[in-house]
Each structure stands twice: as structure tokens, then as C-alpha cells.
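Undergrad: Need the 3D shape of this:
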Amino acid sequence: PISAYLQTAIHGLATHHVHVVADAISSRSLHNRDIAFRRMEQAGVSVTSTETVIYEILEQAGTDLFKDVLPLVK
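TA: Okay, the predicted model is just below:
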């Protein structure tokens, strides 16, 4: 449920910098999901996407690993 990840993310801010991967979360309705994302952002949670996380992990373009992963991301 939406309240579970919303509460977990906000609670985690007490001791961590929290990132939520928006396209990896679902809710009963898009409306409720969007409200939760706005609430988390207001509290200081970083809302991001799977693609962004992958690119951040890879750190730089042009490497063999980046070239191998790129078709999976696109």
C-alpha cells in the first residue's frame, strides 16, 4: 500500500539520505501515487527513476560496461 513506502521513506530520513525509484513503485491509483511522491519530495526524499539510478551506478559513458548495459536501458 501507498502508506507503507511513504512512511518508510520519510522515517528513513532521520538517519539516511533516502532515494525512491518512482517507476519501481505502484499504488492503487496514479493520483495517490503522485500525492505520495510530492509528499516525499517535500520531506526531503530524492525521487528518481530506474534509468537514472543505472546511469549513476555506471558513472561514465563510453566504458565497455556502459555499452553492454545501454541496450537494456533504452
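Undergrad: So for the residue most central in space within the chain, what's the pLDDT?
TA: Centroid-nearest residue in the chain, with Cα atoms, centre = their mean: Val21, separated by 1.6 Å. Note on Val21: pLDDT of 93.
Undergrad: what do you get for Ser29?
TA: On pLDDT, Ser29 comes in at 86.
Undergrad: any idea how far Arg39 is from it?
TA: 15 Å (Cβ to Cβ, to the nearest Å). For every residue, glycine as well, the C-beta is placed using N, CA and C.
Undergrad: Who has more neighbours out of those two?
TA: Arg39 (14 against 10; other Cβ atoms under 10 Å).
Undergrad: just so I have it, where are all the strands in this protein?
TA: 19-21, 46-48 (DSSP state E).
Undergrad: Out of those, flag the one nearest Pro71.
TA: For Pro71, the closest of these is strand 19-21, at 20.3 Å, according to Cβ to Cβ.
Undergrad: Does anything pack onto that closest one? Which helices or strands?
TA: strand 46-48, helix 50-58 (3 or more Cβ pairs under 8 Å, 6 or more residues apart in numbering; DSSP states H and E).
Undergrad: Give me the mean pLDDT for the last one.
TA: So the one you mean is helix 50-58. Rounded mean pLDDT across helix 50-58 is 91.
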